[in-house]
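Q: Below are the sequence and a predicted model for it; my questions follow.
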Amino acid sequence: MVREVACRYADHGAAWSQKKRCISWNHIGGLREAQGYCCKDNDLLQGEACAVLLACQIADNQGDVEIVIEGDSLVLWQQVTDRSASPHWLIDGEIVTIRHMLDNHPNWKFLWTSLEGNFMAHFVASWCATNRHCGCINLASLPRAICTCDNG
């Protein structure tokens, strides 16, 4: 059993290290935009940091509106929000940039969400990997089950 869990964790890490995703919702909770990209990161924390940085870059193009950026990595959330601690060396640049962007946009919030509340982001990442897709996603091409999986 322990070996099986360790193997699944290693497989999960290998898969997620190269699939990044960012999704955004409108003010009533509908899927508004999705992007996916692939990178060569071999570290889950680095991948999560890149995904939050992508979300910040997308949010920066939305104008001066209230933005909530969510991520399911508690470690990354702590790295961004605990200003008294030095960021992990592997994601130092991303953390500094994310903090700077949050400072420049006081109406933005970066929140931690449970994995169970973030299935859509993971499904979008899997869809991107399966379809070898990078960049903006035509929402009509996503299966309806993905577009509605976090709606309750």
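A: Thanks, I have it.
Q: C-terminal to the host helix or strand of G93, which secondary structure element comes first?
A: Taking DSSP states H and E as the criterion, G93 maps to helix 92-104. Going down the chain from helix 92-104, the next helix or strand is strand 108-112, by DSSP H and E.
Q: what's the distance between the helix or strand just after that next one and the middle of its chain?
A: Moving toward the C-terminus from strand 108-112, the next helix or strand (DSSP H and E) is helix 119-130. Put simply, helix 119-130 sits 11 Å off its chain's centre (CA atoms, centre = their mean, to the nearest Å).
Q: Can you show me the CA trace of helix 119-130 as PDB?
A: Taking C-alpha atoms only, helix 119-130 is exported to PDB below (Å, rounded to 0.1, in the frame of the first residue of the first chain):
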ATOM      1  CA  PHE A 119     -10.900  20.600  -9.600                       C
ATOM      2  CA  MET A 120     -11.600  22.700 -12.700                       C
ATOM      3  CA  ALA A 121      -8.100  24.100 -12.800                       C
ATOM      4  CA  HIS A 122      -6.700  20.600 -12.600                       C
ATOM      5  CA  PHE A 123      -9.000  19.200 -15.200                       C
ATOM      6  CA  VAL A 124      -8.100  22.100 -17.600                       C
ATOM      7  CA  ALA A 125      -4.400  21.200 -17.000                       C
ATOM      8  CA  SER A 126      -5.100  17.600 -17.900                       C
ATOM      9  CA  TRP A 127      -7.100  18.600 -20.900                       C
ATOM     10  CA  CYS A 128      -4.200  20.800 -22.100                       C
ATOM     11  CA  ALA A 129      -1.700  18.000 -21.600                       C
ATOM     12  CA  THR A 130      -3.900  15.400 -23.400                       C
END
